[in-house]
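Q: give me a 3D structure for the following:
(one chain, ligands or ions: 1)
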Amino acid sequence: MLDTPQPARAGTLYIVATPIGNLRDLSLRALDILKSVDLIAAEDTRTSQGLLAAHGIHARLVALHEHNEAAVAARIVADLRAGKSAAYISDAGTPGISDPGAKLVGAARAGQVPIVPIPGASAVAAALSVSGLDGPWLFVGFLPARASARRKALDDLRPLPCALVFYEAPHRIEECVADLLARLGGERRLLIARELTKRFEQIHQCTLADAPAWLAADDDHRRGEFVLVVSAPAAVESDDEREARQVLEILLEELPVRQAAQLAARITGGRKNTLYDLALNMKQEP
Ligand code: SAM
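A: Sure, this is the predicted structure:
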């Protein structure tokens, strides 16, 4: 299988991941497809020309970016329905991930054209693979550029019981990290993955509280492309736990632990032993 190229099939749209820096991160399958399709749609044809030339690919290129995606998608789908094959590549990484591609895929699906993913590099996957996290995570992508909208978005994200993954550009990295700290608190851990797969790749982990000082310590720390991974909050209280805590807070002002727990169990319907343990802990909290 490895030495048998798998060329593009007629009438099929291929969504092809390309490198996020290191030009050697292009899969053998991506090469097979890019070498054999009738046309390659690219977010920026000049950017992609370098990659394609480096791999000896000289296909027909069509520009498809966020400003012309719907119109160009319709033309490509017509070509596909006429039996041509096509690939879409964005400037870097996987199309459709904070990149154009969704409208083309939507138009192809509506036109009943087969769509085949050719997976490969993506900054979000690369950063997560070295994060050491093993729980659930939410890919947010770019936060809104406007400060008020960004802060509102972070307030909505704060209680979610999962890690959060952001993309950020160098000119907004300090502002973004300052808002992460202000809105998510200083205790959560932040992985800063900078210039992945490139010459100056850097992966740094610290608390959100320490992140602004790390960024300020060296001009290079603020250069290049960033993925930010914020760990999940330590523990998220359920509605039942919050109610139990509120009831116990009042009862413990007047009653010893055992009685407060018994009464709280009758009020909330919770388990006596669980409430007893919680009450004990609350008594010991500073
Ligand atoms: N589609 C791409 C992907 O699959 O990762 C993302 C495209 S998005 C327009 C560009 C953003 O991705 C950058 O601003 C940065 O946040 C992140 N990114 C792309 N390449 C990166 C790299 N080599 N290192 C770190 N982050 C990168």
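
Q: which parts of the protein are helices?
A: Assigned by DSSP state H, the chain shows helices spanning 28-36, 45-54, 69-81, 102-110, 123-129, 147-157, 173-184, 211-216, 239-254, 257-268, 272-284.

Q: pull up the gap between the spatially most central residue of the chain and the ligand, please.
A: The chain has Phe139 as the residue nearest its centroid, 3.0 Å off, counting by CA atoms, centre = their mean. For Phe139, the distance to the ligand (CB to the nearest ligand atom, to the nearest Å) stands at 10 Å. Just so you know, the C-beta spots here come from the backbone N, C-alpha and C atoms, and that holds for glycine as well.

Q: how about that residue: what's its closest non-neighbour residue?
A: Leaving aside its sequence neighbours, Phe139 sits nearest to Val165 (CB to CB, 6 or more residues apart in numbering; 4.8 Å).

Q: how about Arg258?
A: Counting by CB to CB, 6+ apart, Arg258 lies nearest to Tyr276, which is 6.7 Å off, once chain neighbours are set aside.

Q: the one you found: how many residues sit nearby?
A: Tyr276 sits with 18 neighbouring residues when counted by other CB atoms under 10 Å.

Q: that one is in contact with Ala261, isn't it?
A: Yes: Tyr276 lies in contact with Ala261 (CB atoms under 8 Å); the separation is 4.0 Å.

Q: interface residues of the protein facing the ligand?
A: 20-21, 90, 92-94, 97-99, 122-124, 167-169, 193, 195-198, 225-227 (CB under 6 Å from any ligand atom).

Q: closest point of this protein to the ligand, which residue?
A: When distances are taken as CB to the nearest ligand atom, the chain reaches nearest to the ligand at Gly93, 2.5 Å away.

Q: on that earlier part again, show me which of the residues of the chain next to the ligand are buried.
A: Among these, the ones that count as buried by 16 or more other CB atoms under 10 Å are 20-21, 90, 92-94, 97-99, 122-124, 167-168, 193, 195-197, 225-227.

Q: enumerate the positions of stretch 78-95 that are buried.
A: Buried residues in stretch 78-95, counted by 16+ other CB under 10 Å: 79-80, 84-95.

Q: ditto for stretch 224-242
A: Using 16+ other CB under 10 Å as the test for burial, stretch 224-242 gives 224-233.

Q: now stretch 5-17
A: Within stretch 5-17, the residues scored as buried using 16+ other CB under 10 Å are 8, 11-17.

Q: does the residue of the chain closest to the ligand touch Val16 like I think?
A: No: judged on CB under 8 Å, Gly93 makes no contact with Val16 at a distance of 10.7 Å.

Q: among the buried residues of stretch 224-242, name the ones in strands.
A: Counting by DSSP state E, these place 226-230 in strands.

Q: let me have these in TSV, extended by distance to Ser36 and pLDDT.
A: Formatted as TSV, these follow (distance: CB to CB, whole Å; pLDDT from 0 to 100):
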residue	distance to Ser36	pLDDT
Phe226	35	98
Val227	32	98
Leu228	38	98
Val229	37	98
Val230	42	98
